[in-house]
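Trainee: Generate coordinates for the sequence data below:
(one chain, ligands or ions: 1)
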Amino acid sequence: MKRKKGFLRVIALFCALILTALPLVSCGAPAEKTDGEKPASGEPKKRVAFTFDDGPTPGITNKFLDKIEELDVEVTFFVVGNRVSQYGDELLKRAVKLGCEIGTHTWNHPNNFDELSATATKEQLDKSCEIIEEATGERVRLFRPVGGEISDAQLGLAASMGLYTVCWYVDSNDWRAASADDLDAFIEEKVNYIVNTVEDGDIILMHDLRESSYEIFARAADRLIAQGYDIVTVSEILEITPTSKPEAKIYRWGDPIDE
Ligand SMILES: [Zn+2]
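Mentor: As a prediction, this is how the structure comes out:
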């Protein structure tokens with residue numbers, strides 16, 4: 001990227017030298033923009049995707065959705081199937097209404113997920129996708145493995161089911177609030193970490209389990225928007241369409257950042 005920028009700078013300098021060497025033959029008005037041409041609007045907007053795992057959580061996920069509605073942004077929730085069955089699907093329905101998307105984070109969050117057999121893996125995915133699809137009326141396209149741990153065989157299986165296996169590039173470590181001595185300092189530290197680490201096309205990992213995570217999201221989102229970021233879904237970052245097919249790999253970010 002940096003080398004490319006340097007090359008462009010040399011070309012620009014070269015063009016500038018040629019132009020200044022040309023005699024000025026006319027002093028007419030500058031050429032008008034052709035019809036339909038968009039005015040130059042400066043830099044294209046940077047995009048970032050917030051993702052929230054382990055929900056839905058009554059009393060907490062709604063707070064995230066209130067902020068999402070207030071900011072008019074879209075995020076991605078990776079829900080646990082049996083929590084949807086336990087707490088109901090109203091939060092999922094509201095999230096989808098706001099333009100957010102729902103991926104699966106397995107049926108019951110097995111911590112040894114990457115050791116599961118093909119049959120057990122398929123069951124985790126099938127069962128959770130079913131309850132999400134029933135709630136949202138939309139096909140599930142995104143899958144987040146527990147702890148980001150997944151075997152090659154499971155990656156192949158997820159892809160064959162049409163699921164993009166999505167991890168993250170920026171880990172907020174928001175769940176560590178449980179052991180924080182000073183919660184306010186913890187929240188501010190995490191907000192600063194997210195805002196200072198994130199780059200165009202990144203996927204951020206958070207959890208909609210705690211009030212402190214909501215605070216981190218709300219403050220980080222405000223600051224990123226003020227810096228010119230668009231907060232978008234993972235599907236937008238990865239350019240997923242109804243007909244696109246996932247590869248058997250882990251997706252952590254979108255273009256233009258290469259792995
Ligand atoms: Zn999880």
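Trainee: Span of stretch 176-185 from start to end?
Mentor: End-to-end distance for stretch 176-185, by C-alpha to C-alpha, to the nearest Å: 13 Å.
Trainee: now the strands: where do they sit in the stretch 151-259 of the chain?
Mentor: 164-166, 170-171, 202-207, 229-231, 250-251 (DSSP state E, counting those that start in this stretch).
Trainee: so which of those strands gets nearest the ion?
Mentor: strand 202-207 (7.0 Å; C-beta to the ion). Placement of C-beta: from N, CA and C, glycine included.
Trainee: Need the residues that contact the closest one.
Mentor: 48-55, 166-172, 174-175, 194, 198, 213, 216-217, 234, 237, 251-254, 257 (C-beta atoms under 8 Å, 6 or more residues apart in numbering).
Trainee: Find me the pLDDT at Lys45, would you?
Mentor: Lys45 is assigned a predicted lDDT (pLDDT) of 86.
Trainee: if we can go back for a sec, out of the contacts of strand 202-207, who's near the ion?
Mentor: Under the cut-off given by C-beta under 5 Å from the ion, the ion has 53-54 from the contacts of strand 202-207 close to it.
Trainee: Show me just the buried residues among the contacts of strand 202-207.
Mentor: 48-55, 166-170, 172, 174-175, 194, 198, 213, 216-217, 234, 237, 251-254 (16 or more other C-beta atoms under 10 Å).
Trainee: Just the ones of the residues you listed in helices?
Mentor: The members of the buried ones among the contacts of strand 202-207 that map onto helices under DSSP state H are 194, 213, 216-217, 234, 237.
Trainee: Which single one of these is nearest to the ion?
Mentor: Using C-beta to the ion, these come closest to the ion at Ser213, 12.4 Å.
Trainee: which residues sit in contact with the closest residue to Ala153 other than its chain neighbours?
Mentor: Leaving aside its sequence neighbours, Ala153 sits nearest to Ala118 (C-beta to C-beta, 6 or more residues apart in numbering; 6.5 Å). Applying C-beta under 8 Å, 6+ apart, we find Ala118 in contact with 153-154, 157.
Trainee: Make JSON lines out of these and add pLDDT.
Mentor: Below are those laid out as JSON lines (pLDDT from 0 to 100):
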{"residue": "Ala153", "pLDDT": "98"}
{"residue": "Gln154", "pLDDT": "98"}
{"residue": "Leu157", "pLDDT": "98"}
